[in-house]
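**Q** Sequence and predicted structure are below.
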Amino acid sequence: MAATDAIACPACGARNKPKWEYCARCGESLQGAEPVAAPAKAAAKAAAQGKGKSRVKILIHEQEKGSSIPPGAVMALGLVLLVVLGVAGWRYASQYQSTDKVDPNLFTLPSKASGPPTAQPPATGAGAPDFNEGVRMMAAGKMSEALGLLAKAASAAPENARYQSVYGEALLAAGSKDDALARFADAARLDPAAYRIQYGRALVSAGREAEAASVLEAALGSEVANPALAEDLAKIYYKTGNYAKAGPLLDKAIEGRPSDPVLRQEAAYAAAQTGNKARAEELYKSVLEIAPGADVSRIRLSEMLFEQGKGEEALSLLKQGIEVNPATPDLHRRLGNMLERAGKPQEAVQRYREYARLAPNAPDAKDLEERAKRLEGAGKS
């Protein structure tokens, strides 16, 4: 179908695809419906929304491409996620800044791929024939027929939460997000225990975090032992910077996935942001036990130790990181900076030069090369 073509329902005026036989909104027949032009902005938006779905911005390690790259995110498939990233830091000892500034978008819910619902037992009662056939058409990929039938079923039994939910899934699969959210909301209102979580997650995918948090909080209240639900809610609070609420929920999520270094790293960061340094240190150490290549945790932990006066332990931690990931530029830069702050400028020279060698195109590569020369010269004078 061309991006500018659509047909308007003669009953409710909703826009539908030209090949659809029934209206996705009201279920009426589209026979004889007049074609209309789709707005250019809507077509552009639809094209843009097709890119980058299901991208999870959660990190532990990524090789640094430059000295000042902001936190990015990579999620490797497997039982243990070994990822590395350099966090934006400082150039020199006199310009030191905290390494704990994090893009809140690093920790977001993945978009759920839309598609046919899970196997549905046959329905009975009002609207059942249309519902059952609509589910069958949806499973067969015949979305036009499915939408029309499910719309009729939902209209025939407006108090049936299951009908509203499945119809919402069909609408979401067809790209009608707002209409889908309305159906999910109806299902959650009619049967909160069964459909509130579905509605909350759909709100997250739509970028409506505040509403999603309210819905998922209510759901968690009745499922206090649900680590997966705690994780969903924690991600919202983490993204919005509410670390006081995110921390306990991340701890609950860890109970469900104790070997996941990502959850532990984010729980550590949340703990640090709320002043619980002891808990943050404990969690960062546990991350490194699971994933020795987790450079973000290593860098943050080393800085915490250095601030506590444990300079040699902090330096040793960074040196161990270089043994694990010798080609990671940021580790060398951080070690050089810490050596200089620890009163060991001559040892910092080698690290600054190695950083410049590994990241020659980084914005501060030349500056640190020059600094290494000055430190070396000062040591000889």
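**A** Received it, and whenever you're ready, just let me know what you need. Residues are numbered from 1 along each chain as shown.
**Q** Give me the neighbour count for residue 158.
**A** Residues lying near residue 158 (other Cβ atoms under 10 Å) number 12. To be clear about C-beta, it is placed using only N, CA and C from the backbone, and glycine gets the same treatment.
**Q** again, but for the one 10 residues further on
**A** Neighbours of residue 168 under the rule other Cβ under 10 Å: 29.
**Q** Which residue comes closest to it once chain neighbours are left out?
**A** Counting by Cβ to Cβ, 6 or more residues apart in numbering, residue 183 is the residue found nearest to residue 168 once chain neighbours are left out, at 3.2 Å.
**Q** Determine the three-state secondary structure at that neighbour.
**A** helix (DSSP: H, G, I helix; E, B strand; the rest coil).
**Q** and the one helix or strand residue 235 maps to, which residues are buried?
**A** For residue 235, the element it lies in under DSSP states H and E is helix 227-239. Residues of helix 227-239 classed as buried by neighbour count (16 or more other Cβ atoms under 10 Å): 227, 229, 230, 231, 232, 233, 234, 235, 236, 237, 238, 239.
**Q** With distance to residue 157 and pLDDT as extra columns, can I get the residues you listed in TSV?
**A** What follows is the buried residues of helix 227-239, written out as TSV (distance: Cβ to Cβ, whole Å; pLDDT from 0 to 100):
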residue	distance to residue 157	pLDDT
227	35	84
229	28	80
230	34	85
231	34	84
232	29	81
233	31	84
234	36	85
235	34	84
236	33	83
237	37	86
238	39	87
239	37	83
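**Q** can you redo those as JSON lines with distance to residue 296?
**A** Converted to JSON lines, the buried residues of helix 227-239 look like this (distance: Cβ to Cβ, whole Å):
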{"residue": "227", "distance to residue 296": "23"}
{"residue": "229", "distance to residue 296": "26"}
{"residue": "230", "distance to residue 296": "23"}
{"residue": "231", "distance to residue 296": "19"}
{"residue": "232", "distance to residue 296": "23"}
{"residue": "233", "distance to residue 296": "23"}
{"residue": "234", "distance to residue 296": "18"}
{"residue": "235", "distance to residue 296": "17"}
{"residue": "236", "distance to residue 296": "21"}
{"residue": "237", "distance to residue 296": "20"}
{"residue": "238", "distance to residue 296": "14"}
{"residue": "239", "distance to residue 296": "17"}
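**Q** So residue 327 lies in a helix, does it not?
**A** No - read with three-state DSSP, residue 327 is coil and lies in no helix.
**Q** Look up the closest residue to it, ignoring the ones flanking it.
**A** Here the residue nearest residue 327, using Cβ to Cβ, 6+ apart, is residue 358, at 6.2 Å.
**Q** After whichever strand or helix holds residue 248, which helix or strand is next?
**A** Following DSSP H and E, one finds residue 248 within helix 243-256. Downstream of helix 243-256, the next assigned helix or strand under DSSP H and E is helix 261-273.
**Q** Look up phi and psi at residue 208.
**A** phi -100, psi 70 (degrees, to the nearest 10).
**Q** pLDDT score for it?
**A** If you check residue 208, the pLDDT there is 83.
**Q** where's it relative to residue 322, distance?
**A** Counting by Cβ to Cβ, to the nearest Å, the gap from residue 208 to residue 322 is 44 Å.
**Q** Ok, residue 288 next?
**A** Relative to residue 322, and taking Cβ to Cβ, residue 288 is found at 14 Å.
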